[in-house]
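Asker: Okay, here's the prediction I keep looking at, along with the sequence it came from:
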Amino acid sequence: MNYSTLKKSVALSLVALTGVASLAVAQDAPATTSATKVFGGRGQYRTWSIGVHGGVLMPVVAIGGSNDFNKWDANLGYGLNIRKQLGHSFGLELNGTRGKLSGTNEGITSGVREFETELQYAVDLRGVVNLGSIDFLRRENSVGFFLTAGAGMLAYAPKVTLSNGTVIDWKGKAIGPADDRHDAKDYVKGFYIPVGAGVKFKVSERVNFNLGYTMNFVDADNLDGVYAKGQTKDKFSYGYAGLEFSLGSSAKPSLEWTNPLATMYDELKDPTLRQEVEALKNRVSAVEKSVEDLKKDTDGDGVADQFDKCPGTPAGTAVDGSGCPLPKPAPVETAASNVTGFEKIGFDFNSSVLKTESYPTLDKLSSVLRENGGKVTVNGYASSEGTAAYNLKLSKDRANSVKTYLVNSGVNASQVATKGNGEANPIASNDTEEGRIQNRRVETARN
């Protein structure tokens, strides 16, 4: 393939791809961008693209290094690329390039005078890192820089001209070591590493214009047909310009031009999200109010109003867990000689446990029964709090507590009968706490 043929091929390829892209854009003219989410995944973007490029191939690289020829030529190169964008800043690209390389040794009177290498193909898989747009903080990005690096295979056929005019074409020739021999239809195969950089311009939602430069490091010293340094490796560069066309639904934006900061800003400003935030604020306010209500204690007795069954307790009154005043202890008989054993025995609220202050009365009653015999009936009573059925059971428990004490002190169980009377026969008003304290009692009577 000669130089003019290469130029025609590149021109036709550019025209054809430009026409296809224009048709695609025209068909998708009413392009609308969907509402993308920060964590919505790649499915909400266009991630595939195809491109064509053309430029200049040279047997040197920008960073310098040793070369087998002291003058290099610039030749036409061209190719195609297919890219899959994996994120807004990184993608994988399959790239292919064709063309030729050439150079001369000016002033050299012996040895190799010039070379020309046909590059049948150079195909590689490279990573593409977007460095961010120069207007990254703006709503729409239109210019971006990128770096590339990868690995690939190339096939080439050198042709050298000696200083005496002899031309040696590697196709079908036994040139170099035995393992480099190949037949006329073969090209030399080799491994290479491409490293490059470039800048891209957003022409439209579908089309990018790319400018780039790639340095290709070949794992061989025969790219130019000369084993000059033995341990050195050949290299070549490719400066190019190209068009890239985004594939996929026009309703989706292109991932490579995505501005994550702008997307996050849009998401935070989304009306639906703002409504959710306001609703959350209202729920938090309601919870805070409920907590304040739980802490409210109007009468200052240490029990919150929501749990206070006896609101309005006077200041300084000792209360139980439900906010009701604790019962006052029954008066204690101070003169033991006046105890007859038949005095009333008091109990605390909702309790059938004997109080220590009742022991003198019970001890006296036990003594009377053990010494004189006879029988007694123990009548249990309760105040009016709670249900009648519960108070009946509580009164029976109180009577049984007295009987248990007497039996444990030596009284015969047959001498003591028990009866629960519940709320019956109150001896004081159940409307006041003082009256209810007197009604929580046990009375004993001779049979």
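Answerer: Everything's here; your move.
Asker: ok but residue 149 is inside a strand, no?
Answerer: Yes. Under DSSP: H, G, I helix; E, B strand; the rest coil, residue 149 sits within a strand.
Asker: Run through the bridge partners of it.
Answerer: Residue 149 forms beta bridges with residue 127, residue 195, as assigned by DSSP bridges.
Asker: and the helix or strand where residue 191 lies, which residues are buried?
Answerer: Residue 191 is part of strand 188-202 when elements are defined by DSSP states H and E. By 16 or more other CB atoms under 10 Å, the buried positions in strand 188-202 come out as 188, 190, 192, 193, 194, 195, 196, 197, 198, 200, 202. Where you see a C-beta, it was placed from the backbone N, CA and C, and this is true even at glycine.
Asker: so who does the nearest residue to the first one once chain neighbours are set aside touch?
Answerer: So that's residue 188. The spatially closest residue to residue 188, leaving aside those adjacent along the chain, is residue 156, at 5.6 Å (CB to CB, 6 or more residues apart in numbering). Residues in contact with residue 156 (CB atoms under 8 Å, 6 or more residues apart in numbering) are 101, 117, 118, 119, 120, 187, 188, 190, 223.
Asker: Tell me the one among those nearest to residue 290.
Answerer: residue 190 (76.0 Å; CB to CB).
Asker: quick one, what contacts the closest one?
Answerer: Counting by CB under 8 Å, 6+ apart, residue 190 has contacts 153, 154, 155, 156, 218, 219, 220, 223.
Asker: quick one: which of those residues sit in strands?
Answerer: Counting by DSSP state E, the part of these found in strands is 153, 154, 155, 156, 218.
Asker: burial of the third one, as a residue count?
Answerer: Just to be clear, that refers to residue 155. Neighbourhood size, residue 155 [other CB atoms under 10 Å]: 16.
Asker: Does it touch residue 171 like I think?
Answerer: No. Counting by CB atoms under 8 Å, residue 155 does not reach residue 171; the two are 11.6 Å apart.
Asker: Low-confidence ranges, the stretch 1-150 of the chain, go.
Answerer: Within the stretch 1-150 of the chain, the stretches with pLDDT under 70 are 1-40, 108-110, 133-140.
Asker: hey, where'd the strands end up in it?
Answerer: Along the stretch 1-150 of the chain, counting by DSSP state E, counting those that start in this stretch, strands occupy 48-58, 71-72, 75-85, 90-104, 112-133, 143-162.
Asker: Out of the contacts of residue 156, which comes closest to residue 314?
Answerer: Distances from residue 314 to the contacts of residue 156, taken by CB to CB, are shortest for residue 190, at 101.8 Å.
Asker: Look up the residues forming beta bridges with the closest one.
Answerer: According to DSSP bridges, the partner residues bridging residue 190 are residue 154.
Asker: That one and residue 420, how far apart?
Answerer: Distance check for residue 190 against residue 420: by CB to CB, to the nearest Å, it reads 108 Å.
Asker: same check, this time on residue 394
Answerer: To residue 420, residue 394 is 8 Å away according to CB to CB.
Asker: Need the overlap of contacts for those two.
Answerer: With contacts taken as CB under 8 Å, 6+ apart, the residues that reach both residue 394 and residue 420 are residue 380.
Asker: Neighbour count for the two, which is higher?
Answerer: Neighbours were counted for residue 394 and for residue 420 using other CB under 10 Å; residue 394 has more, 23 against 20.
Asker: ok, now which ones touch the more buried one?
Answerer: By CB under 8 Å, 6+ apart, the neighbours of residue 394 are 350, 352, 380, 382, 386, 420, 422.
Asker: Quick check on the residues you listed: which are buried?
Answerer: So, of these, 352, 380, 382, 420, 422 end up buried under the neighbour-count rule (16+ other CB under 10 Å).
Asker: Tell me which stretches of the stretch 301-447 of the chain form helices.
Answerer: Assigned by DSSP state H, counting those that start in this stretch, the helices in the stretch 301-447 of the chain fall at 359-372, 388-408, 433-439.
Asker: quick one: the second one to helix 359-372, angle?
Answerer: With axes from the mean of the first three to the mean of the last three CA atoms, to 10 degrees as the criterion, the two stretches helix 388-408 and helix 359-372 enclose an angle of 60 degrees.
Asker: Enumerate the positions of helix 388-408 that are buried.
Answerer: For helix 388-408, by 16+ other CB under 10 Å, it's 391-403, 405-406.
Asker: Out of the residues you listed, which is nearest to residue 430?
Answerer: Of all these, residue 430 sits closest to residue 391, with 10.6 Å by CB to CB.
Asker: what residues are up against the closest one?
Answerer: Residue 391 sits next to 382, 383, 384, 385, 422, 423 when contact means CB under 8 Å, 6+ apart.
Asker: neighbours around the third one, how many?
Answerer: The tally of other residues near residue 384 (other CB under 10 Å) stands at 15.
Asker: what's the burial count for residue 367?
Answerer: Residues near residue 367, counting by other CB under 10 Å, number 15.
Asker: Repeat that for residue 205.
Answerer: Counted with other CB under 10 Å, the neighbours of residue 205 add up to 16.
Asker: ditto for the one 5 residues further on
Answerer: Look at residue 210: counted by other CB under 10 Å, it has 18 neighbours.
Asker: Backbone dihedrals for it, please?
Answerer: The phi/psi pair for residue 210 (degrees, to the nearest 10) reads phi -110, psi 140.
Asker: That one reaches residue 198, doesn't it?
Answerer: Yes. Here residue 210 lies in contact with residue 198, judged by CB under 8 Å, at a distance of 6.0 Å.
Asker: pretty sure residue 374 contacts residue 444?
Answerer: No. Assessed by CB under 8 Å, residue 374 is found out of contact with residue 444, at 11.4 Å.
Asker: between these two, who's got more neighbours?
Answerer: residue 444 (22 against 10).
Asker: Go ahead and confirm residue 347 touches residue 357.
Answerer: No. In this structure, residue 347 is not within contact of residue 357 by CB under 8 Å, at 11.0 Å.
Asker: between these two, who's got more neighbours?
Answerer: Neighbours per residue, other CB under 10 Å: of residue 347 and residue 357, the larger number sits with residue 347, 27 against 14.
Asker: tell me the pLDDT at that one?
Answerer: Looking at residue 347, its pLDDT is 93.
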